[in-house]
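Participant: got a structure for you, letters missing:
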């Protein structure tokens, strides 16, 4: 996985670069992408919106 696609502060990319290449992180990334396609991931923005609906 290219660290260019990971949206975190540049200094964290340098520290975590090796982790991004490990199988567990690749699986986690694939799972999250799939869940995003299915609308099963709640962003902070959507959680704030849902809280105000209660």
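Facilitator: Thanks, I have it. No experiment lies behind these values; they were computed from the predicted model shown. Numbering: from 1, shown residues only.
Participant: If you count neighbours, what's buried in the helix ranked longest in the chain?
Facilitator: If you go by DSSP state H, the chain has its longest helix at helix 23-37. By 16 or more other C-beta atoms under 10 Å, helix 23-37 has no buried positions at all. For the C-beta atoms, the positions are set from N, CA and C on the backbone; glycine is no exception.
Participant: How far off centre is that helix?
Facilitator: Here the centre of helix 23-37 is set off from its chain's centre by 8 Å, with C-alpha atoms, centre = their mean, to the nearest Å.
Participant: try stretch 8-24
Facilitator: With C-alpha atoms, centre = their mean, you get 12 Å for stretch 8-24.
Participant: which parts of it are buried?
Facilitator: Within stretch 8-24, the residues that count as buried by 16+ other C-beta under 10 Å are residue 20.
Participant: same question for it, mean pLDDT?
Facilitator: Across stretch 8-24, pLDDT averages out at 91.
Participant: Stretch 30-47 too?
Facilitator: On average, stretch 30-47 scores 79.
Participant: how far does that stretch sit from the chain's center?
Facilitator: For stretch 30-47, the distance to the chain centre is 9 Å (C-alpha atoms, centre = their mean).
Participant: now stretch 5-23
Facilitator: Centre to centre, stretch against its chain (C-alpha atoms, centre = their mean), the figure for stretch 5-23 is 12 Å.
Participant: May I have the distance across that stretch, first residue to last?
Facilitator: Stretch 5-23 has an end-to-end distance of 17 Å (criterion: C-alpha to C-alpha, to the nearest Å).
Participant: Likewise for stretch 16-24?
Facilitator: Stretch 16-24: ends 13 Å apart by C-alpha to C-alpha.
Participant: Can we start the residue count at 324 from this point?
Facilitator: OK, 324 is where the count begins now, so the last one is stretch 339-347.
Participant: Cool, thanks, signing off.
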